[in-house]
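Engineer: Structural data only, the sequence is not supplied:
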């Protein structure tokens with residue numbers, strides 16, 4: 001039961017992360033419009049902004065693909081899932097403070113990092129209920 005639930009959570013997470021492929025290839029004008037719509041003002045232009053937005057999106061999508069792959073054989077990859085869960089908890093904590101320090105909108109600060117912390121705590125908890133092969 002725990003293994004099936006963990007696989008489901010990982011698959012859902014992987015699919016959500018794969019959605020990052022969309023902004024990796026969308027026109028930069030759309031990114032500017034979304035940035036403005038989110039209340040973050042004018043999106044800077046230039047090669048570094050294009051590189052950062054697209055490479056970060058690709059990195060998220062790559063992580064999603066890895067999570068989907070891992071979800072197909074939980075017992076085999078259980079140590080990796082544990083490691084990713086611990087990293088995910090740390091990532092959530094750091095993102096929360098980073099978002100606040102950078103002056104991100106309140107809804108962003110309250111959602112991004114704080115969502116990742118309990119999600120990864122739950123994943124970690126499930127890993128301890130599954131026997132490693």
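Structural biologist: Cool, the structure landed. Quick caveat, the model's predicted, so the values are computed rather than measured.
Engineer: and residue 130, helix, strand or coil?
Structural biologist: coil (DSSP: H, G, I helix; E, B strand; the rest coil).
Engineer: list the contacts for it?
Structural biologist: Contacts for residue 130 (Cβ atoms under 8 Å, 6 or more residues apart in numbering) come out as 2-3, 6, 74-75, 78. Any C-beta I mention is one placed from the backbone N, CA and C, and that applies to glycine too.
Engineer: which of the residues you listed count as buried?
Structural biologist: By neighbour count, with 16 or more other Cβ atoms under 10 Å, the contacts of residue 130 hold 6, 74, 78 as buried.
Engineer: Any idea how many residues pack against the closest residue to the first one other than its chain neighbours?
Structural biologist: Right, residue 6. Take residue 6 and drop its neighbours on the chain: the residue closest to it by Cβ to Cβ, 6 or more residues apart in numbering is residue 126, 4.3 Å away. Neighbours of residue 126 under the rule other Cβ atoms under 10 Å: 23.
Engineer: same thing with residue 99?
Structural biologist: Around residue 99 there are 19 residues (other Cβ under 10 Å).
Engineer: Please name the spatially closest residue to it (chain neighbours excluded).
Structural biologist: residue 109 (4.5 Å).
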